[in-house]
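S.K.: Predicted coordinates and the sequence they were generated for:
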Amino acid sequence: MASGGPQLVVPVGLQALVVNKVPRGFRQWRYNYLALAAFDSPEPDAGGGQSTTQPRKPGIYLHWELPAALRHGIGNAAVTEITYPKVPGRWLIVRFSGTAARAATGWVVESDCPNQESPTLYLVDQAVLDAWNASGDAIRVAGARSAQKVAQANGGPPVALLGQAFPLAGGWTERAASATFLTAVAPGNVLFAAYEAHCANVFTFYDALAGVPDGDLVSYLVAGWYSDPADDILASAAPADLRWSVAGGEGLAPTASVYQGLALSIPWHPAATTLPPSPLDTLAGKVQAGVGGTTIDAFTALIAGQLGDLASVDLLRAFQYGLLPELEAVNGTNLLATAVHQAAFGSRPGGLQWEIVAAAGDDSQAAGLTPDEAAWLLALNQAQAGLDAAQASLDAHRWALYALWWKWQKGNVESQIVPIDGFDPDAYSRAVTTVLPGLLAADAQAVADRLDQVPQPIVQAGDTRQDSFERGIAKFAADRELDPAKVLKAAAAPR
């Protein structure tokens, strides 16, 4: 833990689940990165699939919630990558128990420590493996070797089991302060820190309550810190930057953070034979549901029974679709029905169309064009249509490349077990390695050939995307000597 400077204590939410001997099953959806080796998604299917139903061992399960500032990512200028801050990887857990005389029992959870007994799979990259091997910690060195053996055995990426608790009774010292990598999100999993089943032993702790008698009240203190002070979020940001308000310590600028949560006076009845009342019991007979093709239709279906007549239902639906004035027209009911029908379908962008409008007043007012203006506007729209078509073809071929590559690899894996009728790996190989790369290259060249024929963004510091685009449009029009009383304008083409 860092020392030598002011430290800020940051509150964290702490939840406790008490499990006694009452039989019950728990549905848990765990991420399974081992599925990547078979070209399946590691994400569990909602409602089934990779979910597991199993009894939990009696005891108390703790789960702490990371502050919002640690769960907030920042995108780069092109918004192609989001970076999340590192999170504390050391958590002190102290249980207080006893009625006559209080006793304290403690553990330290090393969230980023490999542990073959943990249920939490984590996709580790080469940088993590190198850090573990260089740490000098026997546990991490063994974890790196295990992850590499898993990768060699199943042909997939390295995967490790993560998160280990060390009892303080046996003594604890820091063993790998700089081998850090954890953030609030895991590879491909934005719910990593938020969902207990995804981060078991990482941001959770299980206490079997050995030696704690029936009827006792237990309380927990959880305190977390960064093993490497350079990772501390306050090393690069002030509390105000994180929307944190600081109480006390006037004039001091904290340079390190400690995270604390409390769960107080939890009753422990391991021999209980009846379930405690559930908050869901109060909802019995009070839950209503509506089903529809869209959220508007589902909400309308939910309320329809309370409204009582069809005219009121139509008014509610028209209000949500923004068609109240049109509903009064002779064909208002048909207009509403058409809107409902169209809302059930998706659409794709149809590209851009260019027009020249009057600069003053309503910018949608058409302007009279000179022959030269009409000629270059026609050429611009033709070039834009060609660019849109080339871009659409490029996008379609990109998707086809990924889809066929996945089918090819998935077929190869499954054919090792049972040959698949009609699966031709040579045909997939030709499509992925020869045919589609040629089509993609032609599409990319077609896009590049047309870019200088249409307005392009001109970026300046502090611009929004719209600012850059409008600046490029203005230059394009000025280069063609458009009358200052007129404006070149882009409009969405039909979808």
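M.R.: Okay, I see it. Numbering: from 1, shown residues only.
S.K.: Next secondary structure after the worst-scoring helix or strand of the chain on mean pLDDT?
M.R.: Counting by mean pLDDT, DSSP states H and E, the chain has its least confident helix or strand at strand 52-54, which shows a mean of 64. Scanning forward in sequence from strand 52-54 by DSSP states H and E, the next helix or strand is strand 59-65.
S.K.: which strands and helices sit next to that next one?
M.R.: Using 3 or more C-beta pairs under 8 Å, 6 or more residues apart in numbering; DSSP states H and E, the elements in contact with strand 59-65 are strand 13-19, strand 204-207, strand 216-225, strand 256-268. (Glycine included, C-beta is placed from N, CA and C.)
S.K.: So which of those strands is nearest Gly346?
M.R.: The closest of these to Gly346 is strand 13-19. By C-beta to C-beta, the value is 37.8 Å.
S.K.: I'd like to know which elements the following helix or strand past that closest one is packed against.
M.R.: As assigned by DSSP H and E, the chain's next helix or strand after strand 13-19 is strand 26-28. Where contact means 3+ C-beta pairs under 8 Å, 6+ apart, strand 26-28 is packed against strand 52-54.
S.K.: Show me what whichever strand or helix holds Ala147 is in contact with.
M.R.: Here Ala147 sits within helix 138-154, counting by DSSP H and E. Helix 138-154 is contacted from outside by 34, 37, 113-116, 124, 128-129, 131-133, 135, 156-161, 164, 175-176, 179, using C-beta atoms under 8 Å, 6 or more residues apart in numbering.
S.K.: Just the buried residues from the residues you listed, in ChimeraX please.
M.R.: Of the contacts of helix 138-154, the buried ones go into a single ChimeraX selection, burial set by 16 or more other C-beta atoms under 10 Å:
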select :34,37,113,114,115,124,128,129,131,132,133,135,156,157,158,159,160,161,164,175,176,179
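S.K.: pull the CA atoms of the helix holding Ala147 into CSV?
M.R.: Provided in CSV are the C-alpha atoms of helix 138-154 (Å, rounded to 0.1, in the frame of the first residue of the first chain):
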residue,chain,number,x,y,z
ALA,A,138,5.9,-19.2,-7.5
ILE,A,139,2.1,-19.1,-7.7
ARG,A,140,2.1,-16.7,-10.7
VAL,A,141,4.9,-18.6,-12.5
ALA,A,142,2.9,-21.8,-12.1
GLY,A,143,-0.2,-20.0,-13.3
ALA,A,144,1.6,-18.8,-16.5
ARG,A,145,2.7,-22.3,-17.2
SER,A,146,-0.8,-23.7,-16.6
ALA,A,147,-2.3,-21.1,-19.0
GLN,A,148,0.2,-21.9,-21.7
LYS,A,149,-0.4,-25.6,-21.3
VAL,A,150,-4.2,-25.1,-21.7
ALA,A,151,-3.6,-23.1,-24.9
GLN,A,152,-1.3,-25.8,-26.3
ALA,A,153,-3.8,-28.6,-25.4
ASN,A,154,-6.9,-27.1,-26.9
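S.K.: what's the residue closest to the geometric middle of the protein?
M.R.: Val190 (3.4 Å; C-alpha atoms, centre = their mean).
S.K.: so what pLDDT did it get?
M.R.: At Val190, the model reports a pLDDT of 94.
S.K.: Over to Phe205?
M.R.: Confidence for Phe205, expressed as pLDDT, is 98.
S.K.: what about it, neighbour count?
M.R.: Phe205 has 22 neighbouring residues, counting by other C-beta atoms under 10 Å.
S.K.: now do the one 5 residues further on
M.R.: When neighbours are defined as other C-beta under 10 Å, Ala210 has 7 of them.
S.K.: before we move on, what about the one 5 residues further on?
M.R.: Residues within reach of Gly215, counting by other C-beta under 10 Å, total 11.
S.K.: Looks like it contacts Pro270 (just checking).
M.R.: No: if you go by C-beta atoms under 8 Å, Gly215 and Pro270 don't touch, sitting 9.6 Å apart.
S.K.: how about low-confidence regions in the stretch 201-350 of the chain?
M.R.: 276 (pLDDT under 70).
S.K.: what separates the residue of the chain most remote from its centre from Ala359, distance-wise?
M.R.: Most distant residue from the mean C-alpha position of the chain: Pro371, 52.6 Å away (C-alpha atoms, centre = their mean). Using C-beta to C-beta, to the nearest Å, Pro371 is found at 20 Å from Ala359.
S.K.: Quick check: beta-bridge partners of Asp207?
M.R.: Ile60 (DSSP bridges).
S.K.: if you go through the stretch 101-250 of the chain in chain order, where are the strands?
M.R.: Counting by DSSP state E, counting those that start in this stretch, the stretch 101-250 of the chain has these strands, from start to end: 103-114, 121-123, 159-167, 204-207, 216-225.
S.K.: would you turn those strands into CSV with distance to Ile473?
M.R.: As requested, the strands of the stretch 101-250 of the chain are exported to CSV (distance: least, C-beta to C-beta, whole Å):
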stretch, distance to Ile473
strand 103-114, 50
strand 121-123, 44
strand 159-167, 50
strand 204-207, 53
strand 216-225, 51
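S.K.: now for the ones you listed, which one comes closest to Ser41?
M.R.: Comparing the strands of the stretch 101-250 of the chain by C-beta to C-beta, strand 121-123 comes nearest, at 12.6 Å.
S.K.: tell me what the closest one is packed against?
M.R.: Looks like strand 121-123 contacts strand 159-167 (3+ C-beta pairs under 8 Å, 6+ apart).
S.K.: by how many degrees do the strand it packs on and helix 138-154 diverge?
M.R.: If you take axes from the mean of the first three to the mean of the last three C-alpha atoms, to 10 degrees, strand 159-167 sits at 160 degrees to helix 138-154.
S.K.: between strand 159-167 and strand 103-114, how many degrees?
M.R.: Per the same axes, to 10 degrees, the angle that strand 159-167 makes with strand 103-114 is 160 degrees.
S.K.: which residues sit against strand 159-167?
M.R.: Strand 159-167 has contacts (C-beta under 8 Å, 6+ apart) with 33-34, 93, 106-124, 128, 139, 143-144, 146-147, 150-151, 172, 199-202, 204-205.
S.K.: Please identify which of the strands of the stretch 101-250 of the chain is closest to Pro6.
M.R.: The nearest among these, by C-beta to C-beta, is strand 216-225 at 14.2 Å.
S.K.: tell me what the closest one is packed against?
M.R.: Right, strand 216-225 is packed against strand 13-19, strand 59-65, strand 90-97, strand 256-268 by 3+ C-beta pairs under 8 Å, 6+ apart.
S.K.: For the longest helix belonging to the chain, give the mean pLDDT please.
M.R.: Counting residues, the longest helix found in the chain (DSSP state H) is helix 371-415. Mean pLDDT, helix 371-415: 94.
S.K.: Extract the C-alpha set from whichever helix or strand comes after that helix and format it as PDB.
M.R.: Where DSSP H and E defines the elements, the next helix or strand beyond helix 371-415 is helix 425-430. C-alpha atoms of helix 425-430 as PDB (Å, rounded to 0.1, in the frame of the first residue of the first chain):
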ATOM      1  CA  PRO A 425     -12.800 -27.000 -46.300                       C
ATOM      2  CA  ASP A 426     -11.000 -26.400 -49.700                       C
ATOM      3  CA  ALA A 427     -13.900 -24.200 -50.900                       C
ATOM      4  CA  TYR A 428     -13.900 -22.200 -47.700                       C
ATOM      5  CA  SER A 429     -10.100 -21.900 -47.900                       C
ATOM      6  CA  ARG A 430     -10.300 -20.500 -51.500                       C
END
